[in-house]
Structure formats: structure tokens, C-alpha cells
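Q: show me the folded form of this:
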Amino acid sequence: SLTVKDCIRTDGGHYVLKLSNVGGEKSIPITVKVLDRPGPPDGVLKVSGVTAEKCYLAWNPPSQDGGANISHYIIEKRETSRLSWTQVASDVQAISHKVTKLLPGNEYIFRVMAVNKYGIGESLESEPVVAKNPYHTPSAPTTPEVTAITKDSMVVMWGHPVDDGGAEIEGYILEKRDKDGIRWVKCNKKRLNDLRFRATGLTEGHFYEFRVSAENAAGVGDTSEPSIFYRACDVIYVPGPPNNPKVIDTTKSTVSLSWSKPIYDGGAKIKGYTVEMKETDADDWITCTPPTGVQSIHFTLTNMKENTEYNIRICAINSEGVGEPANISGTVIAADKLEAPEIELDANLRKVVSVRAGGTLRLFVPIKGRPEPEVKWEKAEGALSERAQIEVTGSYTMLVVDNVNRFHSGKYHLTLENNSGSKSAFVNVRVLDSPSSPVNLHIKEVKKDSVTISWEAPLIDGGAKITNYIVEKRESTRKAYAAVTNNCMKNTFKIDSLQEGGIYFFRVMAVNEYGTGLPAETTEPVKASEVPLPPSKV
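A: You can find the predicted model right below:
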């Protein structure tokens, strides 16, 4: 027998009993478990992902589990400058753990202990680790410089730091200091990502210096060297060149120009503009505007030589003087422009234009064309009304007809023509009036006491649907017509109760929502009588 007194965890394991004699050997394996607390986790305690505030621990289970399952692990930490251990976690089920709330810059040692039902096992300690980021704060940006100074603001510019600290620059902090004060004051309330900033709220006449620092994930870096002192005051320079100068029109003796204000006014109000020109082969510029310039941003040069090439330039003026010129690109030739005619019908004229009877018809149409086109108005269904008035200018034409009636309805054609071509358009006009007279009124049948008449609808319905017809008769011996029916819905009607042998005239009028239209009358009298029978055979 083998007896081990006061056994401990390390006495557990695999034992082999060997028996031998002259007849041979025999081995019997025996496994012994010593029921005890676990041993330390195997291997090393790995520390990774270290930053200023956290890190990650990983370990292996202990090879000696004390004869029972490992229920959990306990993790503790200790600053190397202290002797006492602080618990990090007391019930870790996994073999890894994230440790947080570290103090930046402190050096730590971590240890892990396995736990089974017999107690807490021996610990496995890590190597000392310093809690710091793998990156550092950035170096200082370049020394700030100031431009565009006014009495209460300055535009400050600077450059990137040489070293970003291994992390992306997240923003900049700009500070200012009054020469009369001692404190540095932040200029930007929000995070500043640009390399320039307009510092406002300055006191006129005071001197200011500026410094800037960069910030990344590790924090705010070193501040730059302070700038020189700058005085807050309005600095006036001559203005920059006018913006977008261009030629908008030319004739054989004039050139029309336009431009817009300079982007930079020099710190003072623009008082005017000067326009200068010269022939391309000349050396001297000729000022075409008064010495004080013109206030407008449009100007027309006159008395130009036809088909001559010119150079033209424009300058802005402020209280400091005449600024940098803006040249019209290329050369400008004084010559008449040729433009084909154009008609600009607005949306209302593209639809049917409706006018009440007795009202005024106005057709206003903007036109273009160089030279000025010849304008011609026509009516498709006949000649224009004698009351029509036509007005023509270089930019529009207008047709006006007063006191319109049903006969002014129809299609009006507008034609423009010049040396560059021609252009046509039309406008549909509908006069809201009573209808014109029915057409093709004729006698359909005559009997001794009745006459049947028929007709066709009016050519002009007055802009509304024909609702009914009125039929009237007149005896040849009378002057007045008498109504036969006021509500005929068809284009034919039989007139009864006539006196045999009587001679009659008839007329028909169409009706719409605007009233009763013009009458259509029979041109010849009609006698109420039977049609004679054909002659009988003799």
C-alpha cells in the first residue's frame, strides 16, 4: 500500500502500480483526486487593448480544478504604488473580461483567481501595465495670422500641427487676449474644424493677439506661439475688380455693358464705376464716364465706329481711389446684331381667351428681333375689325378691340418678319355673346293650314351651347312678327293653324345662356295652300 499523509492539491493526479516477477510485468493506472481549492489559471494573464481608461484581460482555466467544476472567477487590480488589492469583478463566468474606470497614467497589476465549491484558488498575476492611450495629444498648430481686419472683427488663419498624435484631429480651440488684459478668452463656442475663423465682438482701437491648439481623442494639445498684436480698426483699400463684366448689346454705333459689385469693396462703400475703352491697335485708354464715375451697373458707350474692334474695361471707385480693372474678355465689335424674330406667348394666351360681349379684347404679346421685325395681325375667319387698334414697339405688340361682339370670335394670327427670318403664332378668342343667325333656313313642306321649315345651327354659338330656338311668323299684311314657339329643341318645326291662302314670312333665332341671337328670315313669302294635283289623263 501507498500512504500520503496531509495530502495537498498537487498530490492528485495519475499514479501507476507496477508488479513484476520472473513471469513478467503488470501495470495498473490509478487516478487520484484531491478535493481542494483550484490551482492558478494556466499560462499567463494577457492584457490587451490598453487605453487611458480601460483594458482587456484574458486567461486559461486552471489545470488543477481541485476535484470540482470551476464555478466562476474573481478579478482584482492593484496600483503598483499601493499594497492593497481592489476587486474589479467577483462573478466572471468567461475567461476574458473588460476592465474600465482606470486612472490615466497609473500603473496597474491584475490578478485572476478560480473558484469552486471548496473555495477560492491561487491567483495568476499579470505584468505591470500603464493605463495610457496608444496615441498622444497633438503638437501645436502653426502661429496664427490675421487678415480682413475691421473695427470689431478679424479673420484668423493657421496651419495643421506637424504631429497629430497618432489620432485624427477632431477640432481646434482659438483664444484671444487683449493687450490691456491678462486672461486668454476662447473665440469659438462650438467645435472648430476649419483652419480659419472670424473672431467677432472686438473693441475698436484695441490690440489683440491670438493662439490656437488642436484636439484629438487623447485631449487638447500644446498651444501655438501667440501671434503678433493686431489693432481692431477699419482698414480701407482700393476695391477689387467689378464682377462678371459683359456685353449685353451692340449696334453699329453703341455698345451696352453690365457688371456686378466687386467681391471685395476695400472696406469702404463703392461710390461709382468708371468705364474705359480703346481701339485694339491704340495705346491710350479713353475714359467714357464722368471723373466721379456712374452709380449704375449698366452703361452704354456711344459714338462708336461701325465694325471697329475695341478693348473695354471697368473699375470700381471707393473713398481710397480707383480699384483694379475688370476687362471685357476678348474684343468688342460695334455692329448691329441679327436676331431672328421671337414671340413669347404667356400661358393665358396659349389657352382660349374669353371676353364678354361689350368688353375690350387686349392681346399683349412680348416680341424680340434684330432688326426690329415687321408686325402683322390677321384674323383667320376674315378681315380684322375696323375698330381694332394695333400698337407696336421694339419689345411688344398689342391688339385692342373695344366693344366686342360675337363676330370678333375666332383665331387671330400674329406674324413677325425681319432679315433674319419670320415667326408666327395664333391666339384663339371666344366672345361670350348671343349666337349668330341660323343658316340654310328653307321651306320643307307647305299645306293649306301648315308650313314645315328647317335650318342648321349658327356658325357662331357665342361661346356657349345652343339651348333652344325661337320660331316666329308674320303675315304679309302686317309688320310685326308673332311667336309660334319659344322652346324648339330641334332644327325643324311645323307651323300649324295657318289661314288657307294666307301669305306668310317666317324667322328663327337661336338661344344660349347669354341671350337670343340674330334672326334668320325667309327671303320669299310663303302661301299656305295645297299643292295642286297633277293633271289627269284626257
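Q: and residue 66, which helix or strand is it part of?
A: Residue 66 is part of no helix or strand when elements are defined by DSSP states H and E.
Q: quick one, grab the pLDDT at it.
A: Here the pLDDT value assigned to residue 66 is 82.
Q: what do you get for the one 10 residues further on?
A: As predicted, residue 76 sits at a pLDDT of 95.
Q: mind checking how far it is from residue 28?
A: 44 Å (Cβ to Cβ, to the nearest Å). Using the backbone N, CA and C atoms, a C-beta is placed for each residue, glycine as well.
Q: one more: residue 423?
A: Distance from residue 423 to residue 28, counting by Cβ to Cβ: 119 Å.
Q: and what of residue 236?
A: Applying Cβ to Cβ, the value for residue 236 to residue 28 is 110 Å.
Q: ok, back up a step: more neighbours: residue 76 and residue 28, which one.
A: Remark: of residue 76 and residue 28, residue 76 carries more neighbours, 18 against 9, as counted by other Cβ atoms under 10 Å.
Q: quick one, what contacts the closest residue to that one other than its chain neighbours?
A: The shortest distance from residue 76 to any non-neighbouring residue, by Cβ to Cβ, 6 or more residues apart in numbering, is to residue 85 (4.3 Å). Taking Cβ atoms under 8 Å, 6 or more residues apart in numbering, we find residue 85 in contact with 76, 77, 78, 111.
Q: what pairs with the longest strand along the chain, and is each one parallel or antiparallel?
A: In the chain, assigned by DSSP state E, the strand with the most residues is strand 421-432. Using DSSP bridges, the strands paired with strand 421-432 in its sheet are strand 353-356 (parallel), strand 410-418 (antiparallel).
Q: where does residue 233 fall, secondary structure wise?
A: Under the criterion DSSP H and E, no helix or strand holds residue 233.
Q: quick check: pLDDT value at the nearest residue in space to it that is not next to it in sequence.
A: Excluding the flanking residues, the one nearest residue 233 by Cβ to Cβ, 6+ apart is residue 151, at 5.4 Å. pLDDT recorded at residue 151 is 88.
Q: so what's the residue count around residue 151?
A: 14.
Q: next one: residue 488
A: By the measure other Cβ under 10 Å, the count of residues near residue 488 is 17.
Q: does it really touch residue 472, like I thought?
A: No. With contact defined as Cβ atoms under 8 Å, residue 488 does not count as touching residue 472 (10.8 Å).
Q: anything in contact with each of those two?
A: Shared contacts of residue 488 and residue 472, counting by Cβ under 8 Å, 6+ apart, come down to residue 508.
Q: show me the helices in the protein, by range?
A: Here the chain has its helices, by DSSP state H, at 347-350.
Q: quick one: residues contacting the residue nearest to residue 233.
A: Contacts of residue 151 (Cβ under 8 Å, 6+ apart): 202, 204, 205, 232, 233, 234.
Q: likewise residue 26?
A: Residues in contact with residue 26 (Cβ under 8 Å, 6+ apart) are 18, 19, 20.
Q: and those as JSON lines, adding pLDDT?
A: Below are those laid out as JSON lines (pLDDT from 0 to 100):
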{"residue": "18", "pLDDT": "87"}
{"residue": "19", "pLDDT": "85"}
{"residue": "20", "pLDDT": "88"}
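Q: any idea how far residue 35 lies from residue 360?
A: For residue 35 relative to residue 360 (Cβ to Cβ), the value is 118 Å.
Q: likewise residue 11?
A: 124 Å.
Q: try residue 520
A: Distance from residue 520 to residue 360, by Cβ to Cβ: 29 Å.
Q: which one's more surrounded, these two?
A: residue 520 (23 against 11).
Q: beta-bridge partners for the more buried one, please?
A: In beta-bridge terms (that is, DSSP bridges), residue 520 pairs with residue 508.
Q: which pLDDT value does the model give it?
A: 94.
Q: tally of neighbours for residue 31?
A: Neighbours of residue 31 using other Cβ under 10 Å come to 8.
Q: how much space between it and residue 213?
A: 68 Å.
Q: now swap in residue 21 and tell me
A: In terms of Cβ to Cβ, residue 21 sits 89 Å off from residue 213.
Q: just residue 252 next, same as before
A: To residue 213, residue 252 is 67 Å away according to Cβ to Cβ.
Q: the two - which one has more neighbours?
A: More crowded of residue 252 and residue 213, by other Cβ under 10 Å: residue 213, with 21 against 14.
Q: wait, that one sits on residue 225?
A: No. No contact is recorded between residue 213 and residue 225 when judged using Cβ under 8 Å, the distance being 11.3 Å.
Q: intersection of neighbour lists for these two?
A: In contact with both residue 213 and residue 225: residue 140, using Cβ under 8 Å, 6+ apart.
Q: okay, now the unreliable bits of the stretch 401-538 of the chain?
A: 531-534, 536-538 (pLDDT under 70).
Q: which residues in it form strands?
A: Secondary structure of the stretch 401-538 of the chain (DSSP state E, counting those that start in this stretch): strands located at 410-418, 421-432, 439-446, 451-456, 468-475, 482-488, 492-495, 503-512, 515-521, 526-527.
Q: what about the stretch 1-150 of the chain, any weak spots by pLDDT?
A: For the stretch 1-150 of the chain, applying pLDDT under 70 flags no range at all.
Q: just checking, residue 466 touches residue 455?
A: No. The pair residue 466 / residue 455 is not scored as a contact, 11.5 Å apart, by Cβ under 8 Å.
Q: between these two, who's got more neighbours?
A: The neighbour count for residue 466 versus residue 455, taken as other Cβ under 10 Å, is higher for residue 455 (24 against 18).
Q: sorry, back to before: of the contacts of residue 151, grab the buried ones for PyMOL.
A: In PyMOL, this line selects whichever of the contacts of residue 151 come out buried by 16 or more other Cβ atoms under 10 Å:
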select buried, resi 202+232
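Q: which pair in the contacts of residue 151 spans the largest distance?
A: Farthest-apart pair in the contacts of residue 151 is 202 and 234; separation 11.7 Å (Cβ to Cβ).
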